[in-house]
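[1] let me see the structure of the following:
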Amino acid sequence: MVPDLRKTSVGMEYFCNVGDELWTMADEDLVELARQELGAIGLTNTSDIEDGVVIREPYAYPVYDADYYDSRDAVQGYLKSFENLQSVGRNGLHRYDNQDHAMISAILAVRNILGENHDVWSINTEKQYHEVVLSSEAQVSAGAEL
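    Predicted coordinates:
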């Protein structure tokens, strides 16, 4: 989604409330916070980050109303038209999934980038859901079978 194929875009999400310390932090300070956190977890060298953009979204969760499925399907159809875009997690898939499902969608998206073919939009669409304790490898395998 960037014009230079040697570069990538990374989205950082911070949960906060309108008016709190994070919400009112200057854009350049938020970009610097993200830069430091990406470096601290070893995802990149802080000197490799060229730029950042801050978008504040006061209503981050989807609204499940009578038009929800039609609206989500329209967004999904549009996003699927991009060959080089992997949409994951609660906001990326436009539904209020639990953290396990959000992480499985991210794992499968990475596998897609590596050449596999998983439909991350199908995660957590079954009618019934039961919590099951699995090893971490079994969780990833179970997610891959969805």
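[2] tell me how the protein divides into domains.
    Domain segmentation of the chain under automatic domain parsing yields 1-59, 68-144.
[3] now, of these, which is deepest in the fold?
    Mean neighbour count (mean count of other C-beta atoms under 10 Å) peaks for domain 68-144 among those, with a mean of 14. The C-beta positions use only the backbone N, C-alpha and C, and glycine is treated the same way.
[4] which residues of the chain fall in helices?
    In chain order, the chain shows helices spanning 21-24, 27-40, 68-80, 89-93, 99-113, 136-144, with DSSP state H as the criterion.
[5] between those, which one is closest to residue 3.
    Checking these against residue 3 by C-beta to C-beta gives helix 99-113 as the closest, at 18.4 Å.
[6] any stretches of the chain with poor pLDDT?
    1, 61, 126-146 (pLDDT under 70).
[7] apply 50 and report the result again.
    Per-residue confidence of the chain (counting by pLDDT under 50) places the weak regions at 146.
[8] about what we covered before: could I get the helices of the chain as TSV with distance to residue 48?
    As requested, the helices of the chain are exported to TSV (distance: least, C-beta to C-beta, whole Å):
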stretch	distance to residue 48
helix 21-24	24
helix 27-40	9
helix 68-80	27
helix 89-93	24
helix 99-113	19
helix 136-144	28
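[9] of those helices, which is nearest residue 124?
    The closest of these to residue 124 is helix 99-113. By C-beta to C-beta, the value is 4.2 Å.
[10] for that closest one, packing partners?
    Contact here means 3 or more C-beta pairs under 8 Å, 6 or more residues apart in numbering; DSSP states H and E; on that basis helix 99-113 packs against helix 89-93, helix 136-144.
[11] how does it look with 6 Å?
    Packed against helix 99-113, as judged by 3 or more C-beta pairs under 6 Å, 6 or more residues apart in numbering; DSSP states H and E, are the following elements: helix 89-93.
[12] pull the CA atoms of the helix it packs on into PDB?
    C-alpha atoms of helix 89-93 as PDB (Å, rounded to 0.1, in the frame of the first residue of the first chain):
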ATOM      1  CA  GLY A  89      -8.300  -7.800  14.000                       C
ATOM      2  CA  ARG A  90     -11.300  -6.100  15.400                       C
ATOM      3  CA  ASN A  91     -11.100  -2.900  13.400                       C
ATOM      4  CA  GLY A  92      -9.700  -4.500  10.300                       C
ATOM      5  CA  LEU A  93     -12.500  -7.000  10.100                       C
END
